[in-house]
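Peer 1: Give me the fold of what follows.
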Amino acid sequence: MFFMHAVFAMSVLSSAIICQNTRLAENSNDRGVEFLKSGNYDGAIMEFTKAIELTSRFKSNTDVSSKVPDNGIRVIDPRTAKSLVNRGNAYFAKNEIDKAVEDFTLAISIAPGNVEAYVARGTIWLIRKELTLALNDYEKGLKLDANSVKCYFGRGLTRLNIGDAKGALEDFDHAVKLEPKNVDTYYYRGDARRVLKDYDGALADFDKALQMNSKSALPYFGRGNLKFYKTDFEGAIADFTMALRFDEQMAQAYKNRGYAYFMLGRHDDADKEFRTTTKLAPYFAAEIEATLIVMKSWKK
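Peer 2: Numbering: from 1, shown residues only. Predicted coordinates:
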């Protein structure tokens with residue numbers, strides 16, 4: 001009889017501890033989100049780590065349960081994966097990319113149905129130009145959620161980077177239908193149309209984006225590129241200037257404005273733009289040199 005009472009008491013105590021840990025974990029995760037929003041990334045990481053520790057524990061050497069993921073921890077609460085994704089986002093914001101990948105990968109191993117983890121990791125692969133890995137993660141995300149705007153958007157960007165502008169356009173079309181008020185999607189759909197030489201469609205998308213947000217740099221940049229291709233160099237300069245008004249760190253806008261100045265014979269202005277470009281993004285130096293050789297041949 002005593003044994004039964006003891007077992008019952010232990011069960012109640014265990015449940016109470018789990019509930020308490022769950023509440024504490026939720027509080028830590030919420031504080032972490034607020035820190036992340038405010039730019040306090042170290043504080044966010046600390047709070048997300050607390051949430052992870054409260055909702056999981058390290059496996060013992062004798063734990064051979066097939067239900068335990070091979071990641072060093074046993075999950076006792078589904079909130080662990082959510083906090084791992086959040087902590088990964090904080091690491092990403094701090095530019096600690098390898099740690100971010102570790103957290104996103106661990107989240108996926110714990111909760112393979114977590115679409116946000118695939119989106120977040122796919123974004124890192126995309127930034128790193130590991131495009132096959134990026135494509136794989138976005139496609140896994142879409143298998144889990146066929147209405148994920150982030151997955152369509154990410155896969156569209158990936159396809160654009162691998163030269164599949166038609167596939168990218170299809171993805172951006174899906175994203176626009178699901179979320180018709182996203183300015184960035186209109187810009188990138190316009191860019192896909194530009195690559196496909198649908199200049200009227202591209203212009204319509206850039207103008208639509210500017211109607212939604214007249215202070216967004218990307219649509220001005222896209223429209224400037226269109227005008228450049230149509231040899232409207234003065235118009236291109238005007239749009240690149242507007243893009244830089246709203247994003248003065250946009251190296252590509254300085255670069256392309258420099259090309260427009262060069263085509264107008266304003267070589268001193270062009271050189272100034274190229275110096276600014278390479279100061280912001282040194283990797284553009286080789287491209288500028290190669291492009292100017294081609295442009296000089298046009299003018300002969």
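
Peer 1: Helices along the stretch 1-150 of the chain, start to end?
Peer 2: Applying DSSP state H, counting those that start in this stretch to the stretch 1-150 of the chain gives helices spanning 2-38, 41-54, 79-93, 97-110, 115-127, 131-144, 149-161.

Peer 1: Any idea which helix or strand in this structure has the lowest mean pLDDT?
Peer 2: strand 73-75 (a mean of 58; mean pLDDT, DSSP states H and E).

Peer 1: related to what we said a few turns ago, turn the helices of the stretch 1-150 of the chain into TSV, columns for distance to residue 252 and mean pLDDT.
Peer 2: (Glycine included, C-beta is placed from N, CA and C.) Formatted as TSV, the helices of the stretch 1-150 of the chain follow (distance: least, C-beta to C-beta, whole Å; pLDDT from 0 to 100):
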stretch	distance to residue 252	mean pLDDT
helix 2-38	28	61
helix 41-54	27	90
helix 79-93	22	92
helix 97-110	22	94
helix 115-127	16	96
helix 131-144	19	97
helix 149-161	15	97
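
Peer 1: my guess is residue 225 contacts residue 256, does it?
Peer 2: Yes - between residue 225 and residue 256 a contact is recorded at 6.5 Å, counting by C-beta atoms under 8 Å.

Peer 1: shared neighbours of the two, which are they?
Peer 2: residue 236 (C-beta atoms under 8 Å, 6 or more residues apart in numbering).

Peer 1: residues contacting residue 208?
Peer 2: residue 186.

Peer 1: before we move on, which element is it in?
Peer 2: Following DSSP states H and E, one finds residue 208 within helix 199-212.

Peer 1: Using CSV, write out the CA atom coordinates for that helix.
Peer 2: As requested, C-alpha coordinates have been extracted for helix 199-212 and formatted as CSV (Å, rounded to 0.1, in the frame of the first residue of the first chain):
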residue,chain,number,x,y,z
TYR,A,199,10.5,43.8,-69.8
ASP,A,200,6.9,45.1,-69.6
GLY,A,201,6.0,42.5,-67.0
ALA,A,202,9.2,43.3,-65.0
LEU,A,203,8.4,47.0,-65.1
ALA,A,204,4.8,46.3,-63.9
ASP,A,205,6.2,44.3,-60.9
PHE,A,206,8.7,47.0,-60.0
ASP,A,207,6.1,49.7,-60.2
LYS,A,208,3.7,47.6,-58.1
ALA,A,209,6.3,47.2,-55.4
LEU,A,210,6.9,51.0,-55.4
GLN,A,211,3.2,51.6,-55.1
MET,A,212,3.2,49.4,-52.0
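
Peer 1: can you pull the contacts of the nearest residue to residue 86 once chain neighbours are set aside?
Peer 2: Leaving aside its sequence neighbours, residue 86 sits nearest to residue 48 (C-beta to C-beta, 6 or more residues apart in numbering; 5.0 Å). Residue 48 makes contact with 28-29, 32, 83-84, 86-87, 90 under the criterion C-beta under 8 Å, 6+ apart.
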